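Q: only geometry, no sequence info:
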């Protein structure tokens, strides 16, 4: 058997990533991936719930629904039917920061998806009758997914308190009261303001070369008027918002704890090492069976179940590191909060061991590698980087950046952000209708 050191290792070179813009302002990003004759096509608009004015929440999500209801070339539902006949998977989604229409289909049908996207961008019909029908669908969606679920109501209200200044406090689906008074005239104005080439980015990942894509994009989009670029202000938070606490008693609720720490994202943080440290701290705390909270509080002390931690480092604005869990029967929420916060605080004083850091780093890097086997995920991440203004090369450099984080970086990030001035706490409890 040959010596291990003599065995060559093959490292895949970064995929070819190209970028160009049309004179009307449309930004186009292509990442070539020729492993299969398939492409992922994402048409992204720089608008989401964070841009919606008070009293008009839910407009971006409502418009996402209405865009499928007819344009100059296609009647209601025809775009989806056509793409389905071509074997495509297609959908759309709205976030706090953007609205995205996406398709995954055979690469030789790519121009069909581009033509549909250009037509929806320039000539969505948005008739009053369709709005009246779809807004009722959206209100029913809210009743089903939010208003009838105590956990979802609690998280919505937690977000509205955790984001003290930031417009991320606005729910994507919209407040119920706003949906009741939303008009089609408002949605039409929102469409005219945001759905223009100058406020859009087209991301294509897959089996297509740059000359072919350029020709298709120019045929379908170059003739569209660019529109007026909208001034986009990043959602920001107060530097030290102060500790905020919320007690919710809701019918049908299961006792739950939610913690949120106001932290920067990659696009708002002054120190990129800080951000990568926060990403790894989240893994160390509560990702996987070997994490601290799973080891110490789930298995050893048996005080909680269902720990979940999240941190969206790719947000356009300042964001949250969120943690939630449910207490075991007989454990109070106050006790659970104390024990969880103690796990956070240990990271401000003790250095994480190198083996523990390597475990977290390997786990995070593995998730990056596996996710990027998917052309859809690559398109999603490039869309996020484009929107936040981060370099597209981050898609390939993240593993290297994470390997530069040291135990001292972790401790300094914890000392800076794991403090009560950045903390929002929510206790969710069942409502006792007999005594309240």
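A: Received it, and whenever you're ready, just let me know what you need. Because the structure is a prediction, the values reported are computed rather than measured.

Q: name the helices or strands packed onto the lowest-mean-pLDDT helix or strand in the chain?
A: Lowest by mean pLDDT, DSSP states H and E among the helices and strands of the chain is helix 394-403, with a mean of 87. With contacts taken as 3 or more C-beta pairs under 8 Å, 6 or more residues apart in numbering; DSSP states H and E, helix 394-403 sits against helix 272-286, helix 354-371, helix 375-388. Backbone N, C-alpha and C define where each C-beta goes, glycine included.

Q: Would you indicate which residues of that helix are buried?
A: For helix 394-403, burial by neighbour count (16 or more other C-beta atoms under 10 Å) applies to 394, 395, 398, 402.

Q: How is this protein partitioned into domains?
A: In terms of domains, the chain is parsed into 17-221, 244-430 (source: automatic domain parsing).

Q: Quick check: which of those is nearest to residue 227?
A: domain 17-221 (2.7 Å; C-beta to C-beta).

Q: quick one: which of the helices and strands packed on helix 394-403 is nearest residue 88?
A: helix 375-388 (12.1 Å).

Q: so how far is that closest one from its chain's centroid?
A: 10 Å (C-alpha atoms, centre = their mean, to the nearest Å).

Q: Just the residues contacting it, thanks.
A: Residues outside helix 375-388 that contact it (C-beta atoms under 8 Å, 6 or more residues apart in numbering): 17, 27, 29, 31, 33, 38-42, 44, 46, 97-98, 100, 102, 104, 201, 203-206, 265-267, 314-316, 371-372, 390-392, 394-395.

Q: okay, the angle between it and helix 354-371?
A: Angle between the axes of helix 375-388 and helix 354-371 is 110 degrees (criterion: axes from the mean of the first three to the mean of the last three C-alpha atoms, to 10 degrees).

Q: So which of the helices and strands packed on helix 394-403 is nearest residue 182?
A: Of the helices and strands packed on helix 394-403, nearest to residue 182 by C-beta to C-beta is helix 375-388, at 24.8 Å.

Q: Give me the angle between that closest one and helix 394-403.
A: If you take the same axes, to 10 degrees, helix 375-388 sits at 80 degrees to helix 394-403.

Q: picking up where we left off before, in JSON lines, list the domains of the chain along with distance to residue 234.
A: JSON lines is the format used below for the domains of the chain (distance: least, C-beta to C-beta, whole Å):
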{"stretch": "domain 17-221", "distance to residue 234": "9"}
{"stretch": "domain 244-430", "distance to residue 234": "4"}
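
Q: of those, which approaches residue 236 most closely?
A: Closest among the domains of the chain, once you apply C-beta to C-beta, is domain 244-430, at 5.3 Å.

Q: Endpoints of that closest one, how far apart?
A: 21 Å (C-alpha to C-alpha, to the nearest Å).

Q: same check, this time on stretch 174-189
A: End residues of stretch 174-189 are separated by 17 Å (C-alpha to C-alpha).

Q: Flag every buried residue along that stretch.
A: 174, 175, 178, 179, 182, 184, 186, 187, 188.

Q: Check the gap between residue 96 and residue 67 for me.
A: 19 Å (C-beta to C-beta, to the nearest Å).

Q: Please identify which of the two sits among more neighbours.
A: Neighbours per residue, other C-beta atoms under 10 Å: of residue 96 and residue 67, the larger number sits with residue 96, 25 against 22.

Q: Dihedrals phi and psi, the more buried one?
A: The phi/psi pair for residue 96 (degrees, to the nearest 10) reads phi -60, psi -30.

Q: Please enumerate the strands of the stretch 1-150 of the chain.
A: Counting by DSSP state E, counting those that start in this stretch, one finds strands in the stretch 1-150 of the chain at the ranges 17-21, 27-32, 38-45, 89-94, 99-106.

Q: So which other helices or strands are in contact with the last one?
A: Spelled out, that is strand 99-106. Against strand 99-106 (3+ C-beta pairs under 8 Å, 6+ apart) you get strand 38-45, helix 59-66, strand 89-94, helix 110-123, helix 375-388.

Q: the inter-axis angle of it versus helix 375-388?
A: Going by the same axes, to 10 degrees, strand 99-106 makes 150 degrees with helix 375-388.

Q: contacts for strand 99-106?
A: Against strand 99-106 from outside (C-beta under 8 Å, 6+ apart): 37-45, 47-48, 60-61, 63-64, 67, 83, 86-94, 112-113, 117, 120, 375-376, 379-380, 383.

Q: again, only using 7 Å
A: 37-45, 47-48, 60, 64, 67, 83, 86-93, 113, 117, 376, 379, 383 (C-beta atoms under 7 Å, 6 or more residues apart in numbering).

Q: which among those residues end up buried?
A: In the contacts of strand 99-106, the ones that pass as buried (16+ other C-beta under 10 Å) are 38-45, 47-48, 60, 64, 67, 83, 88, 90, 92, 113, 117, 376, 379, 383.

Q: just checking, next helix/strand downstream of the helix or strand hosting residue 204?
A: Here residue 204, judged by DSSP states H and E, is contained in strand 200-206. Elements were assigned by DSSP H and E; along the chain past strand 200-206, the next helix or strand is helix 210-221.

Q: Can you list the buried residues in that following helix?
A: So for helix 210-221, counting by 16+ other C-beta under 10 Å, buried means 213, 216, 217, 220, 221.

Q: Report the contact partners of the fourth one.
A: Residue 220 sits next to 111, 114, 115, 118 when contact means C-beta under 7 Å, 6+ apart.

Q: Tell me the one of these nearest residue 414?
A: Distances from residue 414 to the contacts of residue 220, taken by C-beta to C-beta, are shortest for residue 114, at 46.4 Å.
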